[in-house]
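A.B. asks: Pasted the sequence and its predicted model underneath.
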Amino acid sequence: MFKIALVAAAVAVSLGSFTVPAEAAPPVVTVRIAPPELRQEAMPSPRRGYDWTPGYWNWDRRHNRHQWVAGNWVRSRPGYVYAQPMWVERGNRWEFRRGAWGRGDADRDGVRNSQDRDRDGDGVANNRDRAPNDPRRR
């Protein structure tokens, strides 16, 4: 009986030390210093299969200041839209919202593709367009 109790106690102790990983969501960054004006960057030539994400100001905790992150190419995700990182003013503080992918309007005209009547904006309705995702072909 003593051995069973000892084994049960060992199992309980080992389960108590088991940790569940935290969610992957990064912590929200809130600071009192407003970010500088965005820098003007020249957008490079388009790359097939990639979306350009402009640069933004990130918060550098080590130096307690904003640090510029240059724009870069991210692999496109069909059916998703990339929301740019941004700073939002909340009273006397600034909150940083990280860039993220979300389902929605792949052609970025403000209308979800499932409800879009002219996805590529070429003036031809999707049901009459041989290439509804390509504005160069009708």
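C.D. replies: Ah, there it is. Please read these numbers as outputs of a predicted model, since none were measured by experiment. Numbers count the residues shown, from 1 in each chain.

A.B. asks: Just the pLDDT for residue 53.
C.D. replies: On the pLDDT scale, residue 53 is placed at 89.

A.B. asks: Distance-wise, check it relative to residue 71.
C.D. replies: According to C-beta to C-beta, to the nearest Å, residue 53 stands 6 Å off from residue 71. In short, each C-beta sits where N, CA and C put it, glycine included.

A.B. asks: likewise residue 91?
C.D. replies: 30 Å.

A.B. asks: So for the two, which sits in the more crowded spot?
C.D. replies: Taking other C-beta atoms under 10 Å, residue 91 and residue 71 do not tie; residue 71 has more neighbours (16 against 6).

A.B. asks: what's around the spatially closest residue to residue 86 that is not a sequence neighbour, how many residues?
C.D. replies: Excluding the flanking residues, the one nearest residue 86 by C-beta to C-beta, 6 or more residues apart in numbering is residue 97, at 5.3 Å. Using other C-beta under 10 Å, residue 97 has 13 other residues around it.

A.B. asks: Okay, strands next: where are they in the protein?
C.D. replies: 29-31, 50-53, 56-60, 65-69, 72-75, 80-83, 86-90, 93-97, 100-103 (DSSP state E).
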